[in-house]
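K.L.:
predicted model and sequence follow; I will ask about them next.
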Amino acid sequence: MKHSYQITGMTCQGCVASVQESLLEVDGVQQVQVDLEKAEAEIVMKQHVPLHILKSTLPDKYAITEKGHHTMETAPPKEESKWVQLRPLFLIFAYLFVASFLLNYKDWDLAEAMLDFMGLFYIVFSFFKLLDLKGFPDSFSMYDPLAKIVPAYGWVYPFIELGLGLLFLMRIQIEFALIATIVILGITTFGVIKTLLDKKSIRCACLGTALNLPMTEATFIENAIMLIMAVWMLAI
């Protein structure tokens, strides 16, 4: 027998895979087909499985209801404000700015501080992506144009960031690293702008999949800061 359900809380293909894997572990479930755009799941069962059992096997971030039915028990949790969701991103930026300042405050040099900031930025952000290298490419391809066309790009992107971070911090091939930053983040920023203009609700992969960050104007600002720094450094 086949039943259709509404699934809320999914933001990327990584979420789809997580929901499918969780539901397939339920006794009696034979097949699961999840549609991200429709936020639906079709489940083939040997015998009817109660809704509360399906709900108990899913991670807390997802909610499941029978199509056309919404109860207090299965209603999706109240969405947090964007400020609360993006707080980890703002905290990381604050730490990077402070660290860059402390590394250079004795013999202050703005250009040197900016290089340190860019290096630390890449190192920290690549770390979060590498925490879940398996799930990152799917999330990244939701908005990065190149990752959509070349899936392998999503797999190597964290290592590209790591390499650029080391170049900036070690002051090696700075001009190359700046040009690469403009090209790579330029492509990503184009995808971010398109996503925002299309008003799509997807998860930002800037910090990998370890943190559930929404794609918002803050993501654009984050990339814009790095792009402005790179252009300015090349111009001086």
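P.N.:
Everything's here; your move.

K.L.:
okay, now residue 105: neighbour count?
P.N.:
One way to gauge burial is a neighbour count; for residue 105, by other CB atoms under 10 Å, it gives 9. C-beta here means a position set from N, CA and C on the backbone, and glycine is covered the same way.

K.L.:
my bad, residue 42
P.N.:
Close neighbours of residue 42, defined as other CB under 10 Å, add up to 14.

K.L.:
show me where the protein has its strands.
P.N.:
Under the criterion DSSP state E, the chain carries strands at the ranges 2-8, 29-35, 40-45, 63-66, 203-204, 213-214.

K.L.:
any idea how far residue 36 is from residue 176?
P.N.:
Spatial separation of residue 36 from residue 176 under the definition CB to CB, to the nearest Å is 38 Å.

K.L.:
the more surrounded of those two?
P.N.:
In this view residue 36 and residue 176 are compared by other CB under 10 Å, and residue 36 has more residues nearby, 16 against 11.

K.L.:
lowest-pLDDT helix or strand in this structure?
P.N.:
Scoring the helices and strands of the chain by mean pLDDT, DSSP states H and E places strand 213-214 at the bottom, with a mean of 68.

K.L.:
contact partners of stretch 15-26?
P.N.:
If you take CB atoms under 8 Å, 6 or more residues apart in numbering as the criterion, stretch 15-26 is touched by 7, 9-10, 29, 32, 34, 36, 41, 43, 49, 53-54, 57-59, 62, 135, 138, 203.

K.L.:
residues touching the closest residue to residue 33 other than its chain neighbours, list them.
P.N.:
Sequence neighbours aside, residue 42 is the residue nearest to residue 33 in space, at 4.6 Å (criterion: CB to CB, 6 or more residues apart in numbering). With contact taken as CB under 8 Å, 6+ apart, residue 42 is in contact with 2, 3, 4, 5, 32, 33.

K.L.:
look up the closest residue to the third one, ignoring the ones flanking it.
P.N.:
In other words, residue 4. Distance criterion CB to CB, 6+ apart; nearest residue to residue 4, sequence neighbours excluded, is residue 67 at 4.8 Å.

K.L.:
list the contacts for that neighbour?
P.N.:
Under the criterion of CB under 8 Å, 6+ apart, the neighbours of residue 67 are 4, 5, 6, 40.

K.L.:
among those, which pair sits farthest apart?
P.N.:
Set against one another by CB to CB, these have their most distant pair in 4 and 6, with a gap of 8.1 Å.

K.L.:
which one's more surrounded, those two?
P.N.:
Neighbour tally, residue 4 and residue 6, criterion other CB under 10 Å: the higher count belongs to residue 6, 18 against 14.

K.L.:
quick check: closest non-adjacent residue to the more buried one.
P.N.:
Closest residue in space to residue 6, ignoring its immediate chain neighbours: residue 65 at 4.8 Å, by CB to CB, 6+ apart.

K.L.:
and if you look at residue 236?
P.N.:
Leaving out its chain neighbours, the residue that sits closest to residue 236 by CB to CB, 6+ apart is residue 111, at 6.7 Å.
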